[in-house]
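Visitor: based on what follows, work out the 3D shape:
(one chain, ligands or ions: 1)
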Amino acid sequence: MKHKKLFIPGPVEVDSEVLKAMSTPMIGHRTAEYSELQRGVTEKLRKLMYTKNDIVISTSSGTGLLEMAIRNCTAKRAIVFSVGAFGNRWYQIAKSNGIPADKHEVEWGTPIKPEMVEEYLSTGNYDLATVTHNETSTGLMNNLEELAPVFNKYPDVVWCIDTVSSLGGVKIEVDRLGVDICVSSSQKALGLPPGLSVASVSEKAIERAEKVENRGYYFDMLLLLKYIRERNFQYPSTPSIAHMFALEFQLNRILKEGLDERFERHREMAERVRAWAKEYFDLFPVEEYASNTVTCIRNTRGISVKELSNELGQRGFQISNGYGSLKEKTFRIAHMAEMKMEDIDELLKNIEEILKL
Ligand SMILES: *Cc1c(COP(=O)(O)O)cnc(C)c1O
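Guide: Predicted structure coming up:
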């Protein structure tokens, strides 16, 4: 079957050199060579996240580390601030782990505002809070700058953010913002195959986990950290070493491109897609909070998104229908990882031809 270029919000197109790095011959996971690999990856991830915190790496998709965060660091009660499907997932994770949690869900396409956070945290009922930085189902990006001052007013609250579809495409200054746990996955703006996730964890988060008895096993944050700190950057079980090789290679490429340059490239692609969306359709989220990695377009022309996708597929492109109840009402174009403006222009030109816009 002909390969379709992926304009879906994960998995994304992966460069052939990165795929090649995945087929590097295996090394033992209890060797000095492996430790060196994980240590190097950790240092580069710290640069990408603008943090000095420990970096936990997991051979699971991002959902695994979302579970780690909420299960390991809630001693009292969690508050989930949800702006869409992935915010709701965080709440479901809490519930299915028996973690006391409440959810504040806003109308999809609108952001979390500081007043909402203040209203919940000021009750003193919560010791952990989650925010989806970039909500992939609605194409909305919460403004962390706006929210950080409120979270920083409450030193007993562990602040967790889901940057699964933004880390690597948008600047996220973990330490300056005061974020305690920042979770991301390999297959979105980081530009790797799915199957690996990463998280920065603060001292505050670690101290909290020490007070939580039932942390699970595979996602026991303290066990993961023990192998990092005491066993010199190793992993409790056998990690996906193939992913580690690819991550090492890809992070070198990201740093070589330059972080500011990379974020700027994402911003430019997003602006191009947003301008196009406004010309022919409309944006789904409030424009001020529209994402720089994925654009969710309101289907104001009543086109069949399914048919458009089929036609695009025949031409070698894949876009995404709306998520869940937003199917056919919206469609999504991702512009993340190694995508370039030429790729975006080519996709949009093909959509214009198919729809005779
Ligand atoms: C994709 C996505 C997830 C789920 O990540 P997996 O790696 O598939 O487990 C969670 N949150 C957001 C915002 C996402 O885009």
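Visitor: need the pLDDT of the residue in the stretch 201-350 of the chain that the ligand sits nearest to.
Guide: Closest approach of the stretch 201-350 of the chain to the ligand (Cβ to the nearest ligand atom) occurs at V294, with a separation of 8.2 Å. The C-beta positions use only the backbone N, C-alpha and C, and glycine is treated the same way. pLDDT recorded at V294 is 98.
Visitor: give me the number of residues near it?
Guide: By other Cβ atoms under 10 Å, the residues close to V294 number 31.
Visitor: hey, what's it bridged with?
Guide: V294 has these beta-bridge partners by DSSP bridges: A334.
Visitor: same question for D54.
Guide: V201.
Visitor: that one contacts K204, doesn't it?
Guide: No. Applying Cβ atoms under 8 Å as the test, D54 and K204 come out as separate, 11.8 Å apart.
Visitor: could you pull up the residues touching N97?
Guide: Residues counted as contacts of N97 (Cβ atoms under 8 Å, 6 or more residues apart in numbering) are E67, I70, R71, G216.
Visitor: just M49 next, same as before
Guide: Per Cβ under 8 Å, 6+ apart, neighbours of M49: I55, L167, I172, V174, C182, S200.
Visitor: neighbour count, pLDDT and distance to the ligand for the residues you listed - can I get that in CSV?
Guide: CSV is the format used below for these (neighbours: other Cβ atoms under 10 Å; pLDDT from 0 to 100; distance: Cβ to the nearest ligand atom, whole Å):
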residue, neighbour count, pLDDT, distance to the ligand
I55, 23, 98, 17
L167, 28, 98, 10
I172, 24, 98, 13
V174, 23, 98, 17
C182, 30, 99, 12
S200, 29, 98, 16
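Visitor: which of these sits closest to A242?
Guide: I55 (18.9 Å; Cβ to Cβ).
Visitor: hmm, back to that, what is the most widely separated pair among the contacts of M49?
Guide: I55 and I172 (13.5 Å).
Visitor: can you pull out the helices in the stretch 201-350 of the chain?
Guide: Assigned by DSSP state H, counting those that start in this stretch, the helices in the stretch 201-350 of the chain fall at 203-210, 221-229, 241-257, 259-280, 305-314, 341-355.
Visitor: now the shortest one: how far from the chain's centre is it?
Guide: Spelled out, it's helix 203-210. 22 Å (Cα atoms, centre = their mean, to the nearest Å).
Visitor: next to the ligand, which bits of the chain? Give me the list.
Guide: G10, S61, G62, T63, F86, T132, N134, T136, D162, V164, S165, S185 (Cβ under 6 Å from any ligand atom).
Visitor: mind showing which ranges of this protein have poor pLDDT?
Guide: Counting by pLDDT under 70, the chain contains no low-confidence range.
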